[in-house]
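Chemist: model the structure of this input:
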Amino acid sequence: MSTATATATATATATATATTTTPTTVTTPRTVERLVQGQATSDGAGVKLVRVLTQNLQRRLDPFLMLDAFGTDNPGDYIGGFPDHPHRGFETVSYMLDGRMRHRDSAGHEGLVGPGGVQWMTAGRGLVHSEMPEQQAGRMEGFQLWLNLPARDKMRQPAYRDIPAHEIPEASAPGVRVRVIAGQALGVAGAMQREVTEPVFLDLHLEPGADFELPLPAGHNAFVYVYRGALRIAGTPVPQQRMAILANAPQADGVALVADAAGARAILVAGQPLNEPIAQYGPFVMNTQQEIFQAVEDFQTGRLA
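Modeler: Numbering: from 1, shown residues only. Next up is the predicted model:
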């Protein structure tokens, strides 16, 4: 979660304003390949979470490596936070719905993310960071997404950017509000852009019965995770706390979804696959086992970051 360096490709508005546009028509929407139920687990110092995108889905959902969802009113489930730990070779995107989390890292970056805010950290060649709650009570809810870096960028300089809630652009259509974290939707460019992986990260707020369409290249991998209510994608029901992996049919030109009678909130994530080898050992994601051995050695000898 971080301050951007000059090499980070990013755009942001000083104040996020809702822009109303006419949705672009999707003529051949993607179908649902399968539904995934996340696995309850814990990480850091005992933080309870649900791992939705697990390691066995990394090839299928390339360039995305992991998605964790967390949400609780019990401070005992999150108060331990995520003390110092290393990363190398990818980016972390932390999106908070409720609560406050403090980021500090060995590259000198520090930031506090609050409700509706995002922290986008590029680990690159490596750093050690912590993510600790700055509250003793109340609700903590959000997501952390891991986005892979191409081989050419895995050893780049670490970077970090805080994006407060008011800097995340919003778009709207009848019955729909979209927070555009990355990529674009309804003609609105998101807060972050990436040239190689071309990630799309949207937070969708749909009123009962509202529909939303987004054009997507057929080769991009995509999924939808419903965290409130329920919706349908090409006729397939997607209930709360389920991830729908979208099929990559060559004739498909986008995704179309419709909220159920109670409405829905969901995140939609898509990106251009890297089609490169993935070698992972815990917090290190590289292309070869030799690079993993080097990352571990660099961490153990204090050369990370």
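
Chemist: residue boundaries of the helices in this structure?
Modeler: In the chain, the segments counted as helices under DSSP state H are 289-300.

Chemist: so where's it uncertain?
Modeler: Scanning the chain for pLDDT under 70 picks out the ranges 1-24, 305.

Chemist: what's across from Ala279 in the sheet?
Modeler: Beta-bridge partners of Ala279, counted by DSSP bridges, are Met286.

Chemist: I misspoke; the intended subject was Val180.
Modeler: According to DSSP bridges, the residues that bridge with Val180 are Leu202.

Chemist: can you tell me how far it sits from Ala151?
Modeler: Note on Val180: its distance to Ala151, by Cβ to Cβ, to the nearest Å, is 28 Å. Yep, even glycine has a C-beta here, placed from its N, CA and C like the rest.

Chemist: those two: which is more packed in?
Modeler: Higher neighbour count among Val180 and Ala151: Val180, with 25 against 15, using other Cβ atoms under 10 Å.

Chemist: identify the residues contacting that one.
Modeler: Residues counted as contacts of Val180 (Cβ atoms under 8 Å, 6 or more residues apart in numbering) are 168-171, 188-191, 202.

Chemist: now the closest residue to Glu134 other than its chain neighbours. Its backbone dihedrals?
Modeler: Of all residues not flanking Glu134 in the chain, Arg100 sits nearest, at 4.4 Å (Cβ to Cβ, 6 or more residues apart in numbering). Backbone geometry at Arg100, expressed as degrees, to the nearest 10, gives phi -140, psi 130.

Chemist: out of the contacts of Val180, which is most surrounded?
Modeler: Gly190 (26 neighbours).

Chemist: contact partners for that residue?
Modeler: Neighbours of Gly190 in contact, by Cβ under 8 Å, 6+ apart: 11, 168-169, 180-184, 200-202.

Chemist: could I get these as CSV with distance to Ala107?
Modeler: Converted to CSV, the contacts of Gly190 look like this (distance: Cβ to Cβ, whole Å):
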residue, distance to Ala107
Thr11, 23
Ile168, 24
Pro169, 27
Val180, 27
Ile181, 23
Ala182, 22
Gly183, 26
Gln184, 29
Val200, 27
Phe201, 23
Leu202, 29
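
Chemist: ok, those vs Ala218, which is closest?
Modeler: Val200 (14.2 Å; Cβ to Cβ).

Chemist: neighbours around the nearest residue to Phe90 once chain neighbours are set aside, how many?
Modeler: Leaving out its chain neighbours, the residue that sits closest to Phe90 by Cβ to Cβ, 6+ apart is Val285, at 4.7 Å. Neighbour count for Val285, taken as other Cβ under 10 Å: 24.

Chemist: for Val285, give its distance to His87.
Modeler: According to Cβ to Cβ, Val285 stands 8 Å off from His87.

Chemist: for Gly190, same thing?
Modeler: 23 Å.

Chemist: one more: Phe284?
Modeler: For Phe284 relative to His87 (Cβ to Cβ), the value is 7 Å.

Chemist: repeat that for Ala244.
Modeler: Relative to His87, and taking Cβ to Cβ, Ala244 is found at 28 Å.

Chemist: rewinding a little: list the contacts of the residue nearest to Phe90.
Modeler: Contacts for Val285 (Cβ under 8 Å, 6+ apart) come out as 65, 88-90, 146, 148, 278-279.

Chemist: what's the answer for Leu214, then?
Modeler: 24, 26, 185, 200, 202, 254-255, 268.

Chemist: and for Arg177?
Modeler: Counting by Cβ under 8 Å, 6+ apart, Arg177 touches 18, 170-171, 204-205.

Chemist: what's the farthest-apart pair in those?
Modeler: Spanning the widest gap among those are Ala18 and Leu204, at 13.5 Å by Cβ to Cβ.

Chemist: between these two, point out the one with more neighbours.
Modeler: Neighbours per residue (other Cβ under 10 Å) separate Ala18 from Leu204, with Leu204 holding more: 22 against 12.

Chemist: okay, the nearest residue in space to that one that is not next to it in sequence and Leu246: tell me how far apart.
Modeler: Distances taken as Cβ to Cβ, 6+ apart put Ala266 closest to Leu204, at 5.0 Å, once the chain neighbours are dropped. Using Cβ to Cβ, Ala266 is found at 12 Å from Leu246.

Chemist: one more: Met192?
Modeler: According to Cβ to Cβ, Met192 and Leu246 sit 21 Å apart.
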